[in-house]
Each structure stands twice: as C-alpha cells, then as structure tokens.
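[1] sharing a model that was predicted from the sequence below.
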Amino acid sequence: DAEITQSPRHKITETGRQVTLACHQTWNHNNMFWYRQDLGHGLRLIHYSYGVQDTNKGEVSDGYSVSRSNTEDLPLTLESAASSQTSVYFCASSDSPVENEQYFGPGTRLTVT
Amino acid sequence: RKEVEQDPGPFNVPEGATVAFNCTYSNSASQSFFWYRQDCRKEPKLLMSVYSSGNEDGRFTAQLNRASQYISLLIRDSKLSDSATYLCVVNMGSGNTPLVFGKGTRLSVIA
C-alpha cells in the first residue's frame, strides 16, 4: 500500500547542531509539505514543494531548509537547531491540484536541549 | 483577522448528544474546504470535504455558508470514539496556494 513515512520518529539534539528530518511518500504525489505543530498554534506551514526542484517558503521558514531532488522525498533541515524549534513536525503530501486532500506522515517529535 | 478561526473548546458532551462546530474563514475567494480529525499524538486525517450543497457521511454533516464565510460540522449520536480535535481546513485562494489549517476544536465525549 502507498504510504508516507517520517524518520526519525523521535529525536533529541543539542542547540546549534544541524538536524535533518526525512519524509518519504510512495503515492507519487507532486505536492509535499512540512508543518510544525505546537500548543496554541496549530499546524504551521514551514516549507512546501509542488514538484522536483521546486521549493517554497511557508509561514515559519526561518531556520529551516528543504530540497526536492526526486518525487518521493522532501527532507527538512534545521541548519542550527534552537530550543524554539522543539516541536512535533509533520510531513504531508497531496496530488495535484494543490488544494486536494493532504495525507500526513506519523510525525517526528524533536527536542532541542 | 486570522485566516481560519475555530473555537478551541473543549466541548464536553455526553454519549448520544449532538454537537456542532463552526469555523470562519477570511478570504471570500476560498474554494476548497475540509474537516480533518486529529487524535492525541497522532497525525491529522481527512474526515470529510465540504461542498457547497452540504454533505453527509453517516453521523457527520458538513455545511458551507459562503455568504457568511463559515463552515460547520455536525456530529449526531456522539460516540466515545469521536473524542478528538477537529481541524477546519481551507484553501484560501485560487491557483497554487496551500491549505490553511485552523487551530482545531477539541471534543471530549463522556460516558
């Protein structure tokens, strides 16, 4: 069955370290998204991509980067982790058009100490 | 004005009750509307899309009011398993604009 996976599921890192969260989908969806979810803020869009080599900034992109070298993967990199980036991170994908239903991965719980 | 607004709740209702949530959105050009369900510590999952004519799926009914820019979700005969956070989701414009998620309304169904 097609699916969307995230790894690691849990991560503890130190301030200042570079961290990469993986997202992999097997639906062959063009659109992929990264969100963070914090109490009181709901889901906030970090970066998104509408296809290979396409990336766009979302609402809270500072300190994060993504690259899209193939259809299946959209890794999220925290260049220099900060305590404010402690959060639950969700990856999602959708088929075109962009306003279609999004399918979410199980999430990555990141703690920056 | 926030783009997608929901009452955070919690709504605490007894089993068998009917409960309704509303959600307002700011962009009158919005074209797509959804309700997602999110269980504690889990990923959001699509509950239902919301169409202009309204739609029903078992105990769940979704309505869209474009004139007042709100969507609603009605749950009849609430079950314990309906306890979750319900997210209102809107595509805020035309073309390639991502979906915008509300912060969610928490529902607790009590035995």
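    Right, received. Where do you want to start? Quick caveat: nothing in here was measured; it's all calculated off a predicted structure. Numbering: from 1, shown residues only, chains lettered A, B, ... in the order given.
[2] show me what the helix or strand that contains A:Thr55 is packed up against.
    If you go by DSSP states H and E, A:Thr55 is part of strand A:54-57. Counting contacts by 3 or more C-beta pairs under 8 Å, 6 or more residues apart in numbering or on different chains; DSSP states H and E, strand A:54-57 packs against strand A:42-51. All C-beta atoms are positioned from the backbone trio N, CA, C, and that covers glycine.
[3] 10 Å instead, please
    Counting by 3 or more C-beta pairs under 10 Å, 6 or more residues apart in numbering or on different chains; DSSP states H and E, the packing neighbours recorded for strand A:54-57 are strand A:31-38, strand A:42-51, strand A:64-66.
[4] now do it: everything it contacts.
    Residues outside strand A:54-57 that contact it (C-beta atoms under 10 Å, 6 or more residues apart in numbering or on different chains) are A:30-33, A:45-50, A:61, A:64-68, A:74, B:96, B:98.
[5] any of those residues buried? List them.
    Buried subset of those (neighbour count, 16 or more other C-beta atoms under 10 Å in any protein chain shown): A:30-33, A:45-50, A:61, A:64, A:66, A:68, A:74, B:98.
[6] contact residues of chain A facing chain B?
    Within chain A, the positions near chain B by C-beta under 10 Å from any C-beta of the partner chain are A:4, A:6, A:31, A:33, A:35, A:37, A:39-45, A:48, A:50, A:54, A:56, A:58-59, A:88, A:90-92, A:94, A:96-107, A:109.
[7] and the buried ones among these, selectable in ChimeraX?
    In ChimeraX, this line selects whichever of the residues of chain A next to chain B come out buried by 16+ other C-beta under 10 Å:
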select /A:4,6,31,33,35,37,42,43,44,45,48,50,58,88,90,91,92,94,98,99,100,101,102,103,104,105,107
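[8] still on that earlier bit, direction included, what does the strand holding A:Thr55 pair against?
    If you go by DSSP bridges, strand A:54-57 pairs up with strand A:42-51 (antiparallel).
[9] got the CA coordinates for the partner strand in CSV?
    Coordinates of each C-alpha in strand A:42-51 appear next as CSV, following Å, rounded to 0.1, in the frame of the first residue of the first chain:
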residue,chain,number,x,y,z
GLY,A,42,-2.0,24.6,15.5
LEU,A,43,-0.3,23.4,12.3
ARG,A,44,2.0,26.0,10.8
LEU,A,45,3.5,25.6,7.3
ILE,A,46,7.3,25.6,7.1
HIS,A,47,8.1,24.8,3.5
TYR,A,48,6.4,23.1,0.6
SER,A,49,7.1,21.8,-2.8
TYR,A,50,5.0,21.4,-5.9
GLY,A,51,7.4,19.1,-7.8
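[10] rounded mean pLDDT for it, please.
    What strand A:42-51 shows for mean pLDDT is 94.
[11] now the angle from that strand to strand A:31-38?
    Interaxial angle, strand A:42-51 versus strand A:31-38 (axes from the mean of the first three to the mean of the last three C-alpha atoms, to 10 degrees): 160 degrees.
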